[in-house]
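*Asks:* For reference, the sequence and a predicted model appear below.
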Amino acid sequence: MSAQVRCTCSRCTIRGLMGPAVITTLGILFLLNELRHGYFSFGHTFPVLLIVIGAILLASALAPMDGHIGAPSAPAPPVAPTPPSPPPNHSNPYSGQGK
């Protein structure tokens, strides 16, 4: 068993319905195809599947995220210390200039 906690906010719950809704819609469309002998062929009814997917995505986008549990973030990698930079050289590199 996994010790990971599942989110139960409305948005995540609705998104969890995507798979069962798609499988159920496909089953109904293929059943209609078989019962009506081609009148409801999948070639004519596949837009229903796209409508179901769009409706679930729309409902998920409009649902509140109250109580959302995000994925645990990975710890940041350690940062190696940078060596100190040498002190700036304020001498004039060009002789005779700036006097």
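*Replies:* Sure, I can see it.

*Asks:* For the nearest residue to Met18 once chain neighbours are set aside, which residues are in contact?
*Replies:* Excluding the flanking residues, the one nearest Met18 by C-beta to C-beta, 6 or more residues apart in numbering is Ile56, at 5.3 Å. In short, each C-beta sits where N, CA and C put it, glycine included. Ile56 makes contact with 14-15, 17-18, 21, according to C-beta atoms under 8 Å, 6 or more residues apart in numbering.

*Asks:* buried sites along whichever strand or helix holds Phe46?
*Replies:* Per DSSP states H and E: Phe46 is located in helix 42-62. Residues of helix 42-62 classed as buried by neighbour count (16 or more other C-beta atoms under 10 Å): 45, 48-49, 52, 56, 60.

*Asks:* could these go into a markdown table alongside distance to Tyr39 and pLDDT?
*Replies:* Shown next, in a markdown table, are those (distance: C-beta to C-beta, whole Å; pLDDT from 0 to 100):
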| residue | distance to Tyr39 | pLDDT |
| --- | --- | --- |
| Thr45 | 10 | 86 |
| Val48 | 14 | 93 |
| Leu49 | 18 | 93 |
| Val52 | 20 | 95 |
| Ile56 | 27 | 94 |
| Ser60 | 33 | 90 |
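
*Asks:* Generate a markdown table for those, with distance to Pro77 as supplementary columns.
*Replies:* A markdown table is the format used below for the buried residues of helix 42-62 (distance: C-beta to C-beta, whole Å):
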| residue | distance to Pro77 |
| --- | --- |
| Thr45 | 51 |
| Val48 | 48 |
| Leu49 | 43 |
| Val52 | 43 |
| Ile56 | 37 |
| Ser60 | 33 |
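
*Asks:* ok, so of the contacts of Ile56, who is nearest Val79?
*Replies:* Ranked by distance to Val79 (C-beta to C-beta), the contacts of Ile56 are led by Arg15 at 36.0 Å.

*Asks:* Count the neighbours of the closest one for me.
*Replies:* 17 (other C-beta atoms under 10 Å).
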